[in-house]
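Fold the stuff below for me.
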Amino acid sequence: MLATDNLIFQTTFSSSEEIRVKESAFTSGVYSKRNVAIVRGQGARLWDADGKEYIDCVGGQGAGNIGHANPAVAEAIYKQAMTIISCPEMFYNDQRALLEEKLCGITGMARVFLCNSGTEAVEAGIKFAKLLTGRTGIVAAMRGFHGRTYGALSATWEKKYRAPFEPLVPNYSHIPYNDLDALKQAVTDQTAAVILEVVQGEGGVNPGKADFLKGAQDICHQNGALLIIDEVQTGFGRTGKMFAHQHYGLQPDILCLAKSIGGGIPMGAALLSANMKELPSAVHGSTFGGNPLACAASLAAINFIEENQLPEHAAELGDWFKDQLATIQSPLIREVRGKGLMVGIELKQKVTPYLQKLMENGVMALPAGLTVMRFLPPLVITQSELEIVVAKVREVLTSNTEGCE
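The predicted model follows:
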């Protein structure tokens, strides 16, 4: 057994500032960085290079569902790294076979394409939908986020992501989220697929309505289009079920997964339902997709989620967390919403200064658009840790209300 608690933590840097200066000298510049250098994590806690401790409600932007330095995944990575790391899909592999069987078992899907990220999973899903239907149209939702590569970016709504790279892929259209009438008008006999998030993450932690999601499935079936469900952020227990679409009894034709699929190791997957015909050889591929190291990590992560009943934990604790946040009396707050441990507080002002104050108070959280404070804690977080989060959020949102009507 790899005893991670006994490992000696070491870094060659003496402070967060030293790391910041070094990284700033060489990084591409495309990331807006906070002025802190995180060097260690355990469970739902993080530490910077200066030794300051934080409660993590960023959760690797949704990739950290099983917590930091998870011993089960660390053990699996170690053992697999000492066995074989690279094995492209021109060969069969034991870990890949086991993972594909596991993914089909927990999703009810029939086949799996393994890749390396969420945007790759979405790209694969879009390509497969066009190939299988012989159509070119893709319908997506306003405020949706599906990735930054060209096909996924074309499905993404936010102008700041799209504008620098236009023209994008043609034959994409966007309808208001939760607007079933608009979706009916948009889907035609030229539509290959409708792609939706069950809860819009980057779009403001915006849950889908049951009638909209079920209606979207019906509209696709009636028009011969495929339903692509993007669960890159909502998958693997985040919303209180293993997958968010299970709340509504949906059966996607294509299911896109990533983030927490690998326990923190980069990985993605596009799964196809049993009613999809087999894909032709060589229509798509990935050198690193389905590598044994990521597959072993994913198997360990999924087993950990199941054995520790993390979806049930997220459902119970998420309801408590939302209820507690809703008790905060602040003129800044417009709404508290979410599902499971995917929670947002919509403010009446831009959220960035409040996220900075929260970080200074020892809690890391995310934006979701300009005005939403988003919480994606590891699903191993405890109620006592969330009590601290609630207290810190209350302090920040009740003592920094200048300029709020």
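
going forward, measure contacts and count neighbours with C-alpha atoms only.
Will do.

Backbone dihedrals for Gln190, please?
Backbone torsions of Gln190, given as degrees, to the nearest 10, read phi -110, psi 0.

Mind pulling up the pLDDT for the spatially most central residue of the chain?
Among the residues of the chain, Gln233 comes closest to the average C-alpha position under C-alpha atoms, centre = their mean, at 1.9 Å. Per-residue confidence at Gln233 stands at 98 (pLDDT).

Show residues contacting stretch 386-400.
Applying C-alpha atoms under 8 Å, 6 or more residues apart in numbering, the contact partners of stretch 386-400 are 55, 321, 324-325, 328-333, 354, 357-358, 361, 363.

In PyMOL, select just the buried ones from those.
To isolate the buried subset of the contacts of stretch 386-400 in PyMOL, counting by 16 or more other C-alpha atoms under 10 Å, use the following:
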select buried, resi 55+321+324+325+328+330+332+333+354+357+358+361+363
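
Now, the contacts of stretch 386-400 that are in strands?
Secondary structure assignment (DSSP state E) places 55, 333, 363 from the contacts of stretch 386-400 within strands.

distance of the last one from Glu395?
To tie it back to what came earlier, the one meant is Val363. Val363 sits 12 Å away from Glu395, going by C-alpha to C-alpha, to the nearest Å.

quick one: Gly41 is in a helix?
No - secondary structure assignment places Gly41 outside any helix; it is strand (DSSP: H, G, I helix; E, B strand; the rest coil).

Which parts of the stretch 301-405 of the chain are helices?
Along the stretch 301-405 of the chain, the segments classed as helices by DSSP state H, counting those that start in this stretch run 310-326, 352-360, 383-399.

An error on my part: the question was meant for the chain.
16-26, 59-62, 71-81, 94-107, 118-133, 150-155, 159-162, 180-186, 210-223, 292-307, 310-326, 352-360, 383-399 (DSSP state H).

Compute the mean per-residue pLDDT across the fourth one, please.
Averaged over helix 94-107, pLDDT sits at 98.

what do you get for the last one?
If you average the pLDDT over helix 383-399, you get 97.

on that earlier part again, so which two of the contacts of stretch 386-400 are the farthest from each other?
Spatial extent of these (C-alpha to C-alpha) is set by the pair Ile55 and Pro331 at 25.2 Å.

From the ones in strands among the contacts of stretch 386-400, pick the one nearest Val343.
Ile333 (13.6 Å).

beta partners of that closest one?
Beta-bridge partners of Ile333, counted by DSSP bridges, are Leu347.

Next one: it from Tyr354, what distance?
12 Å.

same deal with Thr287?
With C-alpha to C-alpha as the criterion, Thr287 and Tyr354 are 42 Å apart.

Over to Ser384?
To Tyr354, Ser384 is 22 Å away according to C-alpha to C-alpha.

go on, Trp320?
22 Å.

now swap in Met109 and tell me
For Met109, the distance to Tyr354 (C-alpha to C-alpha) stands at 42 Å.

Tell me the confidence at Gln10?
On the pLDDT scale, Gln10 gets 68.

And for Leu293?
Turning to Leu293, the model gives it a pLDDT of 98.

and it, how many neighbours?
Counted with other C-alpha atoms under 10 Å, the neighbours of Leu293 add up to 25.

surely it meets Lys79?
No - Leu293 sits out of contact with Lys79 when judged by C-alpha atoms under 8 Å, with a separation of 9.0 Å.

Identify the residues contacting the closest residue in space to the residue nearest to the centre of the chain that isn't next to it in sequence.
Computed as C-alpha to C-alpha, 6 or more residues apart in numbering, the closest residue to Gln233 that is not its neighbour in sequence is Gly62, at 5.5 Å. Under the criterion of C-alpha under 8 Å, 6+ apart, the contact list for Gly62 reads 233-234, 259-260, 376-377.

got any ranges where the stretch 1-150 of the chain has weak pLDDT?
1-10 (pLDDT under 70).

Wait, Arg143 touches Val199, no?
No - contact status for Arg143 versus Val199: not in contact, 10.8 Å apart, counting by C-alpha under 8 Å.

Could you check which of these two is surrounded by more residues?
Between Arg143 and Val199, counted using other C-alpha under 10 Å, Val199 has the larger neighbour count: 24 against 20.
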